[in-house]
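S.K.: Need coordinates for the following:
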Amino acid sequence: MGLILITLVWLAYSGIQESKTYYVTVDELQEMSDAYDRRYRVAGNVAVGSIRRSERRVEFQLEQNGKLLQVVYTGTEPLPDTLQDRAEAIAHGRYQRDGIFHAETVQAKCASKYEAAPMAAGAGEEAGSAY
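M.R.: You can find the predicted model right below:
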């Protein structure tokens, strides 16, 4: 009975350790000396012109505060259509010793979809001239 209990406790502990995911910025991840082999969520903007698609993988760079992080996605799920230049993206995966972030999942939102619409010429002036 004791052996079964010890085994269950060990399985629960190792499962929790494996499922832990730390949220870090590109800067923080690149500055950490012991960042390897842990699960991370890293957010940034997709660098312009960095998306390279092939049959089994997608490579792109996340950019934040002038720093770039190479990301490789080889997952089975298709990437979102919103993964485009300048889109905000979050990659979930592991940072490897080769300096590449190997993503298991990627989330993205369209950069232009959330921008404010430009104001029409003179629209702000009319409202102010009524007083």
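
S.K.: Tell me where the chain has helices.
M.R.: Using DSSP state H, the helices found in the chain span residues 2-19, 26-31, 123-129.

S.K.: In the sheet, which residues pair with the residue most central in space within the chain? Tell me.
M.R.: For the chain, the residue nearest the mean C-alpha position is Ile90 (2.0 Å; CA atoms, centre = their mean). Counting by DSSP bridges, Ile90 forms beta bridges with Ala43, Gln107.

S.K.: What score does it have for pLDDT?
M.R.: On the pLDDT scale, Ile90 is placed at 93.

S.K.: Quick check: it touching Val42?
M.R.: Yes: in this structure, Ile90 is within contact of Val42 by CB atoms under 8 Å, at 7.0 Å. Quick note: C-beta positions are derived from backbone N, CA and C, even for glycine.

S.K.: Low-confidence stretches in this protein?
M.R.: 9-21, 110-131 (pLDDT under 70).

S.K.: mind running it again at 90?
M.R.: Low-confidence segments of the chain (pLDDT under 90): 1-39, 54-56, 65-66, 74-82, 97-99, 108-131.

S.K.: Next, the contact list for the residue nearest to the centre of the chain, please.
M.R.: By CB atoms under 8 Å, 6 or more residues apart in numbering, Ile90 lies in contact with Arg41, Val42, Ala43, Val106, Gln107, Ala108.

S.K.: quick one: contacts for Tyr73?
M.R.: Shown in contact with Tyr73 (CB under 8 Å, 6+ apart): Arg57, Val58, Glu59, Phe60, Leu79, Ala91, Gly93, Ala103, Glu104, Val106.

S.K.: Quick one: neighbours of Met32, just the number.
M.R.: Counted with other CB atoms under 10 Å, the neighbours of Met32 add up to 14.
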